[in-house]
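Q: Give me the fold of what follows.
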Amino acid sequence: MQLDRIDRKILDLMMRDATLSVAQIAEVVGLSQTPAWKRLQKLEAAGVITGRVALVDPANIGLGLIVFMGVEAADHSVEWRETFRATIEDFPQITEVYRMAGAVDYLLKLVLPDTAAFDRFYLEFTTRLPCRNITSGIAMETLRHRSGWPINVATA
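A: So this is what the prediction gives:
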């Protein structure tokens, strides 16, 4: 789907605040409500907008530990990858997963209550999935977290 400047402006607004009304979006992007609503519908139908969520501070709900875990595959077979994909689906503590180039095969972001919870996670995860190596780093402070993407709203 080709996005024009107005589409990108709408996306930028939605990524900043998905609670904005169609009227508010229309006013900012310079459209009336109906064309703005139709553009939103088009963006959702095309899969550009994949959902709308509330952002919650994990520390305020008892999830004060963020861990980044590097996983080196035990092997690079189709079977191992399928087991990996199935295993990560069973752990809600895993909030993000990336297949990587470089020193580790996969990078996982975990959000947990504390180090004891991480230890329990680690033991269960490694019991269920054979890995060559796992490295972990605990985030000491979140300096920047953005839920949106850097979209260019200035050009057509």
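Q: mind giving me the domain split of the chain?
A: Structural domains assigned to the chain are 5-45, 58-138, following automatic domain parsing.
Q: Export those as CSV, with columns for mean neighbour count, distance to N152 and mean pLDDT.
A: C-beta coordinates here come from the backbone N, C-alpha and C atoms, glycine included. Below are the domains of the chain laid out as CSV (neighbours: other Cβ atoms under 10 Å; distance: least, Cβ to Cβ, whole Å; pLDDT from 0 to 100):
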stretch, mean neighbour count, distance to N152, mean pLDDT
domain 5-45, 16, 6, 95
domain 58-138, 14, 24, 96
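Q: could you dump those to a markdown table with distance to S147?
A: Formatted as a markdown table, the domains of the chain follow (distance: least, Cβ to Cβ, whole Å):
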| stretch | distance to S147 |
| --- | --- |
| domain 5-45 | 7 |
| domain 58-138 | 12 |
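Q: now for those domains, which one comes closest to P150?
A: P150 lies closest to domain 5-45 among the domains of the chain, at 9.3 Å (Cβ to Cβ).
Q: looking at this, F68 is in a strand?
A: Yes - according to DSSP: H, G, I helix; E, B strand; the rest coil, F68 belongs to a strand.
Q: Distance-wise, check it relative to N60.
A: Here the distance between F68 and N60 works out to 21 Å (Cβ to Cβ, to the nearest Å).
Q: Mind jotting down where the helices sit in the protein?
A: Applying DSSP state H to the chain gives helices spanning 5-16, 22-29, 33-45, 78-89, 115-128.
Q: mind checking which of those helices is nearest K109?
A: Among the helices of the chain, helix 78-89 comes nearest to K109, with 11.2 Å by Cβ to Cβ.
Q: W149 is nearest to which of the domains of the chain?
A: Proximity of the domains of the chain to W149 was assessed by Cβ to Cβ; the nearest stretch is domain 5-45, lying at 6.6 Å.
Q: what's the offset of that closest one from the middle of its chain?
A: Centroid separation for domain 5-45 versus its chain: 22 Å, with Cα atoms, centre = their mean, to the nearest Å.
Q: All set, thanks.
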